[in-house]
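>>> would you be able to build a 3D model of this:
(2 chains)
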Amino acid sequence: MIDFIRTRRFRTRFQVPLQIFLLMWIVWAINLWSFHDSIRSDWSHEAQMSVTPSDRALLDALPRSVDVVIPVDLPPTAAGRVRARVLLQALRWIGELSRTAPDALSPPIQVDVNRQADRWELLRNARGLEADAINKIHFFCGERRLALDVEELAIIREPTLMEPEAVARIVVDRVREAVEAALRQVATDQATEIRISQGSGEPPLNSSRGPSLVAMVRDLQQRGARVAGHSLAVIETIDEEADLLVILGGGVQRFDALSASVRREVERFLADGGGVLLLLPASGETGLEELMADVGISVLPGLAAQVTAVPNRAVQSSFSVVGERLDRFHPITAPMIGERFAARWTPSRVLEVTQPATALLSTGASAWLERDRISARRDVEELPGPQILAAAAPVGEGRLVVVGNWNTTLSNLWTGDARRFLLACCDWAAGRDLLPAGAGREPLSFRIELDERLRRSFFWTSFAVLPGCALIGGLLVAWARRRDR
Amino acid sequence: MRVASLARRELLTLFVSPVAWTITFVFLLVMGMTFHLSLLSVGGDLQQLVPAIYSGYVFWFMMLIFPPLISMRTLAEERRTGSLEMLVTTGIADATVITAKWISTWIFFMFLWLCMLPMWLLLDGVGQVDFGVLLSAHLGIALVGAGFCAAGILASCLTSHPLASAGLAMAINLVLFLVEWLRFLYEPGDLQLRWIEHFSAVHHIGAEMTRGIVDLRVPIWWVSFTILVLFIATKVLERRRW
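Residues are numbered from 1 along each chain as shown, chains lettered A, B, ... in the order given. Reported below is the predicted structural model:
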């Protein structure tokens, strides 16, 4: 009997660890299988993180692996928090795409610039990023690089000086479209060649001293373009490789109207399929007026003026105008249709547009055409708003965009909707996919108004009613038990 | 069938004890406070409220503390009072006893979380709650809670002192919780990081399920972990027959 018990104990001591080991192995095998082949789904109302077959097709079509870096350093204001949410959503979306095809798209690397200064420095040196390349999504594909700003990912309603911070919110969410367009662009082997022509005596393109174009040039480079200077006043022929010619009809120094031979060269360039973005001077001519007139764009004498609110609740007339009305159907402006588009330009020429040109951007009704260039004072006979500030037209195989202002291209003014508008103009004129491609979606609002009554009722429900129910339940149980005894 | 009747008996025992109601009271008081403060901190944005409540420190404190507190008496107390011997001599299999005790513990644990449902319904009355996200968050709690409750049952099998059992269960749960901290050692894209994410309870709930993302890997890991732990608990209970 004792032998039997001993044998049984021995067998058990041998078998039980074996059984446990076997089960552990099965658990490991099942998890290993699920680690490689898993199914993910988004149960949220909007299902924004669902990877569709078209997303998979895009990832499969990427010729090389794409890396993503997102350095974040946003202020703790309400607008900063909304921007952080947009970046975080983009991070999550890229993460989801990366899970679907880890070989095509690496998991995104997020760096908190403020807390991880050393890591950011290392990453910056390794990737060749500039110190101010923060709050952007940087895509890398081999030698190519592309950056997306928060403004390209979403239209954000930012509070004005007189509004409470809580009004900051996402008006249009374009994260998916922007990421898709960026992946498509960064993976293509074709880089856009951009030439910028300035007047004489202007600082070089990469100069960071004083008023220069460095911010615009960097932005264009980060979007995958190769940018170089090209003075039309000196060299009258346009580079064969160029896709887009940006002509700054103004400058810190002197700008002389371009010669007739330059005009003919620009016409040839447009006829061959090139793109031209012409930024008009505040006064004087560019020498390309005839060319513009041929496609239905003419520049009116005078400047746009508008009544502007100033912080002490007063108003004043000035040459600072806000372009707020966009063409609903043009590829440049259609994705920007949303709440409160406001591109402020100081000053701006006014355009007159006829077919086949399209008025891209106009002021509101409160603006007028001020013929007196010295002071903005509205007279009865002056042309009332809306005034056209930018227009576009196809010219032969090419595309021409005319903008009534040039100084937005300077680094200190290169911000907000004006920057976004000009970048879209560059993309369209160069014949590139617009970034972002789609119109986005209006996110559903799950926000409730926390008024005093709701706060109070919620406070009592969470602090007293529900715990009180549990307390009453416990007391009833205790009473019942005592009674049964 | 025996499992169901045993589990029912266990649940009945739980609900007629003042301990269960005290636990419920404390749980609702703490979570109610968290709920209220989170609602104020997100400025009434119900989309952000789910991750704010279900992935904060208070949430994880409750997740780590409550399953051991509920399960600590299940077997340790029975062993200490000798009622366990009576139970197993009735011919009920050890696996049945373990499963029934785990089911009752897990149901009570989920009952605690479902007690917060009236608050969500109240919010839905004045706004719109994303019930898909809420459902996935609760699925996450159910899965992670199943694993934590199983660890509590195993700890309860290993010792006859309820407090020692609770301490041991908390230690096991803490290990599962702290797996997340290993992620700081690796860079995105590293295989090790992907494995850490595979096992990390914090990642499953905080980064995925409170955002509405449901990955098949999560139920597979937690269900398999629960089965493994319950199997080990059964073998520990069987040990006295060897």
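>>> surely A:Ala182 touches A:Asp149?
No: A:Ala182 lies out of contact with A:Asp149 (CB atoms under 8 Å); the separation is 10.8 Å. Glycine gets a C-beta too; all of them are placed from N, C-alpha and C.
>>> and those two? Which one has more around it.
A:Ala182 (28 against 18; other CB atoms under 10 Å in any protein chain shown).
>>> quick check: which helices or strands does the helix or strand hosting that one pack against?
A:Ala182 is part of helix A:175-187 when elements are defined by DSSP states H and E. Applying 3 or more CB pairs under 8 Å, 6 or more residues apart in numbering or on different chains; DSSP states H and E, one finds that helix A:175-187 contacts helix A:53-61, helix A:78-100, strand A:136-141, strand A:144-149, helix A:150-153.
>>> just checking: what are the partner strands of the next helix or strand after that helix?
Note on helix A:175-187: by DSSP H and E, the next helix or strand toward the C-terminus is strand A:192-197. Applying DSSP bridges, strand A:192-197 is found paired with strand A:225-229 (parallel), strand A:244-248 (parallel).
>>> mind checking these for the one nearest to B:Leu12?
Closest to B:Leu12 of the strands paired with strand A:192-197 is strand A:225-229 (CB to CB; 72.9 Å).
>>> by mean pLDDT, flag the weakest helix or strand of the chain.
Since you didn't name a chain, this refers to chain A. strand A:314-318 (a mean of 73; mean pLDDT, DSSP states H and E).
>>> to clarify, I was referring to chain B.
Using mean pLDDT, DSSP H and E, the weakest-scoring helix or strand in chain B turns out to be helix B:83-88, at a mean of 75.
>>> so is the host helix or strand of B:Gly147 next to chain A?
Element membership of B:Gly147 [criterion: DSSP H and E] is helix B:131-158. Yes: with CB under 8 Å from any CB of the partner chain as the criterion, chain A is reached by helix B:131-158 at B:132-133, B:135-136.
>>> what is that helix packed up against?
By 3+ CB pairs under 8 Å, 6+ apart, helix B:131-158 packs against helix B:46-54, helix B:57-71, helix B:94-114, helix B:162-178, strand B:213-215, helix B:217-238.
>>> in TSV, list these along with distance to A:Ser208, mean neighbour count and mean pLDDT.
Formatted as TSV, those follow (distance: least, CB to CB, whole Å; neighbours: other CB atoms under 10 Å in any protein chain shown; pLDDT from 0 to 100):
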stretch	distance to A:Ser208	mean neighbour count	mean pLDDT
helix B:46-54	39	22	90
helix B:57-71	45	21	93
helix B:94-114	56	21	93
helix B:162-178	47	18	92
strand B:213-215	43	21	93
helix B:217-238	49	21	94
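>>> TSV for the ones you listed, including distance to A:Val227?
TSV is the format used below for those (distance: least, CB to CB, whole Å):
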stretch	distance to A:Val227
helix B:46-54	40
helix B:57-71	49
helix B:94-114	57
helix B:162-178	50
strand B:213-215	40
helix B:217-238	46
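>>> out of those, which is closest to A:Val234?
The minimum distance between A:Val234 and the helices and strands packed on helix B:131-158 falls on helix B:46-54, with 56.8 Å, by CB to CB.
>>> the closest one vs helix B:94-114, what angle?
Orientation check (axes from the mean of the first three to the mean of the last three CA atoms, to 10 degrees): helix B:46-54 against helix B:94-114 gives 130 degrees.
>>> so how far is helix B:46-54 off the chain centroid?
Put simply, helix B:46-54 sits 19 Å off its chain's centre (CA atoms, centre = their mean, to the nearest Å).
>>> ok, stretch A:295-307 next?
29 Å.
>>> okay, buried residues for that stretch please.
Buried positions in stretch A:295-307, judged by neighbour count with 16 or more other CB atoms under 10 Å in any protein chain shown: A:295-297, A:299-300, A:302-306.
>>> same deal with stretch A:458-478?
Those would be A:458, A:461-463, A:466-467, A:469-471, A:473-474, A:477, for stretch A:458-478 by 16+ other CB under 10 Å.
>>> so what's the residue lying closest to A:Ser197 once chain neighbours are set aside up against?
Spatial nearest neighbour of A:Ser197, chain neighbours left out: A:Leu232 (4.4 Å); criterion: CB to CB, 6 or more residues apart in numbering or on different chains. Applying CB atoms under 8 Å, 6 or more residues apart in numbering or on different chains to A:Leu232 gives the contacts A:197, A:238, A:247, A:258, A:262, A:265-266.
>>> I'd like the distance between A:Leu232 and A:Thr192.
Distance check for A:Leu232 against A:Thr192: by CB to CB, to the nearest Å, it reads 19 Å.
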